[in-house]
Each structure stands twice: as structure tokens, then as C-alpha cells.
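Visitor: Structure for this input, please:
(one chain, ligands or ions: 1)
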Amino acid sequence: MSAAAPSAASKALAASLPHAVGAEASTTATDKPPRAPLRMRHPDMTQVDDSSSDSERGESDSEGETTAVDDGSYQDDNFVRKVLAKERPLPPITWRTLPSNINVISTLALTVVPALAIYGALTTPLKWQTALWSVIYYFFTGLGITAGYHRLWAHRAYTASLPLQYFLALGGSGAVEGSIKWWSRGHRAHHRYTDTELDPYSAQKGFWWSHIGWMVVKPRRKPGVADVSDLSVNPVVKWQHRWYLPLIVGMGFVFPCVVAGLFWGDFRGGFFFAGAARLLFVHHSTFCVNSLAHWLGETPFDDKHSPRDHWVTALVTVGEGYHNFHHEFPQDYRNAIRTFQYDPTKWFIYTMYLCGLASQLKTFPDNEIRRGQYAMQLKAISKQADEIKWPKSSNHLPVLTWDEFQEACKTRQLMVVSGFIHDVSTFIDEHPGGRALIKTRLGRDATNAFYGGYYDHSNGAANLLAQYRVGVIEGGYEVEHLKRFSDVIESLKESGADGVAGKSADLQSGPVRVSVIKGDPALKSAPLDNLSNAPTFKVNRLTGGLGHALNPAA
Ligand code: HEM
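Guide: Here you go, the predicted model:
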């Protein structure tokens, strides 16, 4: 579209587009008042305040897109590209600029905690009660993040009662990973802009960047906008945000320490093990969701982006390791959908549901989940098909009359099966049924003999036969058994596999191409092809001893 005033038709079209929302729908680029350009801001990622939240920085509470789109200077309707074009990144960090670009608070948190944990482990005897308490507290604070921050607040995968919300908010505070609102805002941006420059912890920037790098140095760009207006009005989120500093001190260190001290007299162990060491594990457990879960495993639901499923990641992340599923169906309260897969977060949410503390557990329609799996399986199969050497397409073979075929037989060892002319010269000595039987059919139509008249060959034999094609007999016909095979592929496509966006091309693999033989009319009466790439049979000959003696060729 040009920058000139838009026509009435184009206005109507714009209004009818699904992405046209509210005022955006009825107005266009040139109608709108000019907007202030996007400001480049680099929120301190560890700050307790919510400076990175769009809803509070006055840009937009609901979408945030309005700050970056349609001021008339961009013809591109890709939001990420538009933002990237408008917002210049900060200059890359060099060794010289590194010190001033260190994110001091989070770097301190990420170094002091392990230092405390190591010091404590080396200087403090571990009581079994403290060890058990540390594990329990690890799961409590871990669930605060996975069941609370992540699935409840960031993705709204279920509804939690007020007591459960407070319970999760306290657990999440003990994990010391920022307030619910700050965390969810970053996480929503991560989902919305996965693998792009606007993804705050994009796996495309490397394992260590997505694991901790994005917190250690000041990011070159702020995360893409994300809507957290729902969280801005949630009383528990607001309460936790307001009291975040005392909450992290209390739940991160004081509470685990006091419990161990009051119940079995181990204040020191409680501080170092249930406090510092446990926190170290919770931190890296969550960080693994950003790093390991984008790096290790399979993509059984979609391979558009980097998230992957793996049971190892699930084990270390309290069940968040089925990350390919999660990115595909983020509002599903589950990460693991199979019974044997490890997802204690899902079990916890479900137990809360049974106790009446959680409700409206969302699950994505099973049919669509299975469609995703099905499409990926088809894609894998069609990849295999691409690696297979398929017989020459009948449409590119010379077409000979029967008499021309007879003439050619005077100089070559040829045989017709199912309308194709085959050069069997390289196979005749390899034939499991013996040389003689093939010889009797040279220069003849052996279709009947091949398909049961004499011997009902396996499909393997029929596939092999196809590799010896060099031409077609005029008036070729449909090959029934191949047609059946291609029908299977067609019905797979009709069943919806072909309707999966971006995947239809993957289904155009070999077998479909060989159902009808026609030959190339332009190659009528052309000389027969030479046999190219004839199948090879590997022979492991013994070269000595008895084998040598028995080998007649030796
Ligand atoms: C180029 C054409 C042919 C190919 C590629 C071929 C391939 C094979 C293969 C791979 C087998 C092993 C068993 C199986 O896979 O079914 C086989 C077995 C056999 N073939 Fe063929 N064949 C050809 C033509 C013929 C013809 C024209 C005849 C008969 C007139 C014939 C008769 C037999 C018999 C009787 C056996 C069974 C051998 C046994 O198990 O003792 N074949 N052939």
C-alpha cells in the first residue's frame, strides 16, 4: 500500500482483517495522529519495581503495539521487524564497556548465593531433617514458580482461589526471581517473540545467554511489549509486588532457617542448606527452562521454534521439560500429557483442583494436539522419503511401441513388467530365483509371471524391479498396486495433514509420483535410457581358509 490517502475499499478491507482491533480497525496509518517514537529503555532485570511493564510505563496497557506501528513511515506489517527497525539496539558490549554494563544486582544474586551454598556445605554438618526440609522447600518454592508464576499468572492456565494464590506467591517469593508481575511480563514477551530479538532470553543467542547471560549484563534491547493488564489489577500480585523485598528476604532465607532452628535446632543448616543451597538449585532449575528446554530433546508438536521436549529437562525443572508442548499450547495447565511423563506441577494443580482450591483447569482440544503430533510425524516420514532413492518418474522415460521394444531387445537384456521396460542385465545373475527364470522372460511381458503367475514376489522385489526401468511401452496403464499405495498418501492428505500451514510441501514425496505411467510424449521412440545408478548388492566374500576354497571365483 502506498503512503497516499487510502481508498474506501482499502479502509473496509483493513477493518475486516482479523488483526484490526478497536480504533485500529477504523483508522489507518495516515489518519492517525503522529505517535511518539518508541523509547529505548533498559530496565534493570533484577529490580523489584516493574519498570519493564508496558502497562505501567504508559505506552499501552493492553497491547503496546500502538507505540510502534503505522505512523506512515513503515510499509511492513511484521510487528517484530517494525519494532527492530524503529528501536536501535545499544552498542554491542566489548571488554572495555563490560564493567559498566554488568547488571549489578542480579550478578550479585547469582554469585553470592552459590558462594554461600559452597561455603555452607564445606563448613556445616548436614542433618537429615535439614536435608529433607531443603528438598521439601525446594519443591515448595519451585512450585511457586512453575504452578504460580508460570502456569497461573503468566499463562492463566487455571483459576486459583485466594488462599492458593497467597501460598504460591509466598513460594515464588522464596525462589527470588523477581516479582510475579515482572516475571510474567518477561515470560509473556518470551512466548510472543520466541527466538526473535524481542525475546528477552532468546535461545538463538546461545545456551549461556538464555540461561544466565541475559541477567548478568544489561540487555541491548528491552523485551518486546506484552500485555500484563490483568496482573495489574490482581490483589495478590499487587500485594507481592509491593512487599517484594521483605518477602524475598523472609521466604528466601529467614523462614527456611527459622523452621530448621525451631524444630530441630539447626539454624545454621537451615540458612545454608534450605536457604542458600536450595535457592541455588531453584534458580538453575528455572533457568534450565530457558536454556536446556530450548536445546535438548525432540519437537513432537511443532518445529517452528526452538522449544523441545525432554524428560531430563522435566526432572530438573519440576516438570517444565515438555517445553515443545508448552510453547505450542501455552494455556494448557499441563506440560506433560502422557501418564508416565514427569510433571509434578500438573499433579499439584490437579490435586488443588480435587481439594477445591483450583478450578477451570484449561486443556487444549485433544484433536488439535494430535493433529500437531500427526503433522510432525508425517514430516519425519517425508524426510525419510527424501533420503530414499526413488525410481525414475514414468513421465521422463522414453515411450516405445512393442515393435520398437522388440528391436531394442536384440542388443539389450530387457523385460516388460506392468508397462515399464526394465533393463535386467545387472540383476540377472543376482536373482534369488535363478538366472534361468529371468532369461525365459527376456523380450517378453513378465507382468503376470512376476505378480503371482509364476511366483508372487514381495513388495521388496517390486521396489527393486522399479529401479531397473529404462522406458515405457506405448499406451501405458495405471499400475494397480502402486495406485493403492498412492491412495493411502492421498487419503492422509485429505484427512487434514495437508491443511497444516507450511507443511503441505513436505507431503509431496516420492510414492505419489509413480501411480500412473504415461511416459514423456516428447520422447516417443527415443532411444532407451541407459541404466543409471543400478542397485548394488553387497557381497562379503571370504578370502581365505575354507571359504576361500569354496569360492568358485577364487
Ligand atoms: C527384474 C525382475 C525380477 C526381480 C527384480 C526379481 C526379484 C526377486 C527377488 C528379490 C526375489 C526374492 C524373494 C522375494 O523378494 O519375493 C525373487 C524370488 C523369485 N523370483 Fe524373481 N525377480 C524378477 C523376475 C522374476 C521372474 C520373471 C520370475 C519368473 C518367471 C521370477 C521368479 C522368482 C522365483 C520363483 C523366486 C523364488 C525363489 C526362491 O525363493 O526359491 N522372478 N525374485
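Visitor: burial of residue 115, as a residue count?
Guide: Close neighbours of residue 115, defined as other Cβ atoms under 10 Å, add up to 11. No exception for glycine: its C-beta is placed from N, CA and C like everyone else's.
Visitor: mind checking which helix or strand it is in?
Guide: Take DSSP states H and E as the rule and residue 115 turns out to sit in helix 104-123.
Visitor: quick one: average pLDDT of that helix?
Guide: Helix 104-123 shows a mean pLDDT of 97.
Visitor: buried ones in it?
Guide: Under the neighbour-count criterion of 16 or more other Cβ atoms under 10 Å, helix 104-123 has 106, 109, 110, 113, 114, 116, 117, 120 buried.
Visitor: Lowest average confidence across helices and strands of the protein, where is it?
Guide: In the chain, the helix or strand scored least confidently by mean pLDDT, DSSP states H and E is helix 22-26, which has a mean of 31.
Visitor: On the C-terminal side of that one, identify the next helix or strand.
Guide: By DSSP H and E, the next helix or strand past helix 22-26 is helix 79-86.
Visitor: For that following helix, what is the distance to the chain centroid?
Guide: 24 Å (Cα atoms, centre = their mean, to the nearest Å).
Visitor: if we can go back for a sec, could the buried residues of helix 104-123 be laid out in TSV, adding distance to the ligand?
Guide: As requested, those are exported to TSV (distance: Cβ to the nearest ligand atom, whole Å):
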residue	distance to the ligand
106	66
109	67
110	64
113	66
114	63
116	70
117	65
120	69
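Visitor: Restricting to C-alpha, output the helix holding residue 115 in PDB.
Guide: Only the C-alpha atoms of helix 104-123 are listed here, as PDB (Å, rounded to 0.1, in the frame of the first residue of the first chain):
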ATOM      1  CA  VAL A 104      25.000  -5.500  39.400                       C
ATOM      2  CA  ILE A 105      22.000  -6.700  41.500                       C
ATOM      3  CA  SER A 106      21.400  -9.900  39.600                       C
ATOM      4  CA  THR A 107      25.100 -10.600  39.200                       C
ATOM      5  CA  LEU A 108      25.500 -10.300  42.900                       C
ATOM      6  CA  ALA A 109      22.500 -12.600  43.500                       C
ATOM      7  CA  LEU A 110      23.900 -15.200  41.000                       C
ATOM      8  CA  THR A 111      27.300 -15.200  42.600                       C
ATOM      9  CA  VAL A 112      26.700 -14.700  46.300                       C
ATOM     10  CA  VAL A 113      24.100 -17.400  46.500                       C
ATOM     11  CA  PRO A 114      26.400 -20.200  45.100                       C
ATOM     12  CA  ALA A 115      29.300 -18.800  47.200                       C
ATOM     13  CA  LEU A 116      27.100 -19.100  50.400                       C
ATOM     14  CA  ALA A 117      25.900 -22.600  49.400                       C
ATOM     15  CA  ILE A 118      29.500 -23.800  48.800                       C
ATOM     16  CA  TYR A 119      30.800 -22.200  52.000                       C
ATOM     17  CA  GLY A 120      27.900 -23.600  54.000                       C
ATOM     18  CA  ALA A 121      28.300 -27.100  52.500                       C
ATOM     19  CA  LEU A 122      32.000 -27.100  53.400                       C
ATOM     20  CA  THR A 123      31.600 -25.800  57.000                       C
END
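Visitor: from the chain's centre, how far out does that helix sit?
Guide: The answer for helix 104-123 is 34 Å, by Cα atoms, centre = their mean.
Visitor: Show me what it is packed up against.
Guide: helix 214-216, helix 278-290 (3 or more Cβ pairs under 8 Å, 6 or more residues apart in numbering; DSSP states H and E).
Visitor: Out of those helices, flag the one nearest the ligand.
Guide: helix 278-290 (50.4 Å; Cβ to the nearest ligand atom).
Visitor: what does the helix or strand following that closest one contact?
Guide: Later in the chain than helix 278-290, the nearest helix or strand by DSSP H and E is helix 311-316. Residues from elsewhere that reach helix 311-316 (Cβ atoms under 8 Å, 6 or more residues apart in numbering): 284-285, 288-289, 292-293, 296-297, 320-323, 335-336, 341-343.
Visitor: contacting residues around the residue of the chain found nearest the ligand?
Guide: Among the residues of the chain, residue 433 lies nearest to the ligand; the distance is 2.7 Å by Cβ to the nearest ligand atom. When contacts are counted by Cβ under 8 Å, 6+ apart, residue 433 touches residue 455.
Visitor: So it, which state does it fall into?
Guide: The three-state assignment at residue 433 reads coil, by DSSP: H, G, I helix; E, B strand; the rest coil.
Visitor: what does the model give it for pLDDT?
Guide: 93.
Visitor: For it, grab phi and psi.
Guide: Main-chain dihedrals, residue 433, degrees, to the nearest 10: phi -90, psi 0.
Visitor: what's the spacing between the spatially most central residue of the chain and residue 365?
Guide: Among the residues of the chain, the one closest to the centroid is residue 303, at 3.8 Å (Cα atoms, centre = their mean). The gap separating residue 303 from residue 365 is 21 Å, by Cβ to Cβ, to the nearest Å.
Visitor: Distance from the longest helix out of those in the chain to the middle of the chain?
Guide: Longest helix in the chain, counting residues (DSSP state H): helix 366-387. The chain centre lies 13 Å from the centre of helix 366-387; the measure is Cα atoms, centre = their mean.
Visitor: just to revisit the earlier point, just curious, which of the buried residues of helix 104-123 is nearest to residue 224?
Guide: residue 106 (20.2 Å; Cβ to Cβ).
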